[in-house]
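Below is the sequence, then the predicted model.
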Amino acid sequence: MKDLLLVELTRLRWRRAVVVLLIGCLLVPIAIWAGTAWNTRPFSDADVAAAERLAQSEADQPYIEEEIARCEEDPQMYGGSADVDCVELITPSAENYLYRQTLDLGSVLDNEALAVVSLLAILLLILGTTFVGHDWNTGSISNQLLFEPRRQRVWAAKGLAVLLVGLVAGAVALLVFWSAIAVVLGQRDIAVEAGQWAAVRNSSGRGVLLIALAGVLGYALTMLLRSTVATLGIGLGVAAAGSLAVVAVFGEGSQRWLLPTNAFAVLNNGYDYYVYSPACDTMVVGGSDPCTQTISLGAGSAYLAVVLVVVVAASVLSFRRRDLP
């Protein structure tokens, strides 16, 4: 089995499409990190000067003077007391034009990191698909079975090769992303709350596993369908129409059965979603929100595991029993 695995890893490494996808796995976190760093950059002197010019230009408008006069006549209309400084309240300041989201580790974990894992999972799914799809398209799978006729071992070796590559690619990509985020946080002297890095490590570990299993899912589907185009077509169909079908069947509670929401629950250690019920019309003070339900980490993991096991079982059974082209 070891020799067979090494052969499959070598074949994977020599596939040009696989190399391109692995390069994409490295570029994705770098691109998202660069966008995050740029969108949260501190204000420069030029930014402050431009904001001051805009504020002064706005303050010179006639309606500002009119608003100040109305405020002085009736300050309560502007939410102030009798001694409110209407000039300060109404006159635009540079701060009104200097808004930019600050870099926050919790926000990055909930947003940018989620985007990184999602895109990497898609790339690994395509990698698993194109790797074995090439064997079916060229008919080389029959030649491979001449050297190793035990089909189950061949299936397992190929799947294990995709899994290992996915684990390495996901780990390296997320390590690059979070290391770059840590560098920016240090350069800007942004404090990180206690426990946040532990949450990042836990989420990243689950993310690496999701990325690798996405590759296995793409591989298993292609071994079942024997076509790269069919696998990608099903993937697009699930993305485009799958959610609509689930909503049509399950109605209000449909988010519980969507693949993305269960993946989010695994990645973020739970996922809250809105479901309307008559209790939502009653104001609740304290306690849990009656309109919100939660997909726990365990429930999301079980859902994804069932999907993967069903596809893998069908794929292995089909490969063992069906005739080869």
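Good, I have the coordinates.

quick one: low-confidence ranges for the stretch 201-325 of the chain?
Within the stretch 201-325 of the chain, the set of residues satisfying pLDDT under 70 comprises 238-253, 276-290, 323-325.

Helices of that one, start to end?
Here the stretch 201-325 of the chain has its helices, by DSSP state H, counting those that start in this stretch, at 228-237, 243-250, 259-267, 297-321.

Remind me what the third one packs against, helices and strands.
When you say that, I think you mean helix 259-267. Here helix 259-267 touches helix 112-138, helix 196-225, strand 271-274, strand 292-295, helix 297-321, going by 3 or more C-beta pairs under 8 Å, 6 or more residues apart in numbering; DSSP states H and E. C-betas here are computed from N, CA, C, even on glycine.

which residue lies farthest from the center of this structure?
Relative to the centre of the chain, the most outlying C-alpha is that of Glu73, 53.3 Å out, by C-alpha atoms, centre = their mean.

Next, the buried residues of the helix ranked longest in the chain.
Criterion DSSP state H: the longest helix present in the chain is helix 151-187. Residues 151, 154-167, 169-171, 173-174, 176-178, 180-181, 184-185 are the ones in helix 151-187 that count as buried (16 or more other C-beta atoms under 10 Å).

hang on, the earlier thing: do you know the pLDDT at the residue farthest from the centre of the chain?
pLDDT, Glu73: 75.

Then Ala37?
91.

Which pLDDT value does the model give the closest residue to it other than its chain neighbours?
Spatial nearest neighbour of Ala37, excluding adjacent residues (C-beta to C-beta, 6 or more residues apart in numbering): Val184 at 5.2 Å. pLDDT for Val184: 93.

give the contact list for Val184.
33, 36-37, 103 (C-beta atoms under 8 Å, 6 or more residues apart in numbering).

Return the distance of it relative to Arg41.
Val184 is 9 Å from Arg41, where distance means C-beta to C-beta, to the nearest Å.

Between the helices of the stretch 201-325 of the chain, which one is closest to Ser204.
Among the helices of the stretch 201-325 of the chain, helix 259-267 comes nearest to Ser204, with 9.3 Å by C-beta to C-beta.

Check the offset of the closest one from the chain's centre.
9 Å (C-alpha atoms, centre = their mean, to the nearest Å).

And for stretch 197-214?
On the basis of C-alpha atoms, centre = their mean, stretch 197-214 sits 11 Å off its chain's mean C-alpha point.

same check, this time on stretch 45-65
39 Å.

Stretch 214-226 now?
For stretch 214-226 - counting by C-alpha atoms, centre = their mean - the centre lies 21 Å from the chain centre.

Same question for stretch 154-166.
The answer for stretch 154-166 is 24 Å, by C-alpha atoms, centre = their mean.

With just CA atoms, put that stretch into CSV.
Taking C-alpha atoms only, stretch 154-166 is exported to CSV below (Å, rounded to 0.1, in the frame of the first residue of the first chain):
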residue,chain,number,x,y,z
VAL,A,154,-6.3,1.5,-5.9
TRP,A,155,-9.3,3.6,-4.8
ALA,A,156,-7.9,3.9,-1.3
ALA,A,157,-4.4,4.9,-2.5
LYS,A,158,-5.8,7.6,-4.8
GLY,A,159,-8.1,8.9,-2.1
LEU,A,160,-5.4,8.9,0.5
ALA,A,161,-3.1,10.8,-1.8
VAL,A,162,-5.7,13.5,-2.3
LEU,A,163,-6.4,13.7,1.4
LEU,A,164,-2.7,14.1,2.3
VAL,A,165,-2.2,16.8,-0.3
GLY,A,166,-5.3,18.6,0.9
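
Any chance you could list what contacts it?
Residues outside stretch 154-166 that contact it (C-beta under 8 Å, 6+ apart) are 1, 4-5, 7-9, 11-12, 18, 22, 124, 127-128, 131-132, 144-145, 148, 211-216, 218-220, 223, 312, 315-316, 319-320.

Out of those residues, which end up buried?
4-5, 7-9, 11-12, 18, 22, 124, 127-128, 131-132, 144, 211-216, 218-220, 223, 312, 315-316, 319.

Okay, domains of this protein per the record?
Taking automatic domain parsing as the reference, the chain has its domains at 2-41+105-269+298-321, 45-97.

Dump the ones you listed to TSV, plus distance to Cys291.
Output for these, formatted as TSV (distance: least, C-beta to C-beta, whole Å):
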stretch	distance to Cys291
domain 2-41+105-269+298-321	10
domain 45-97	31
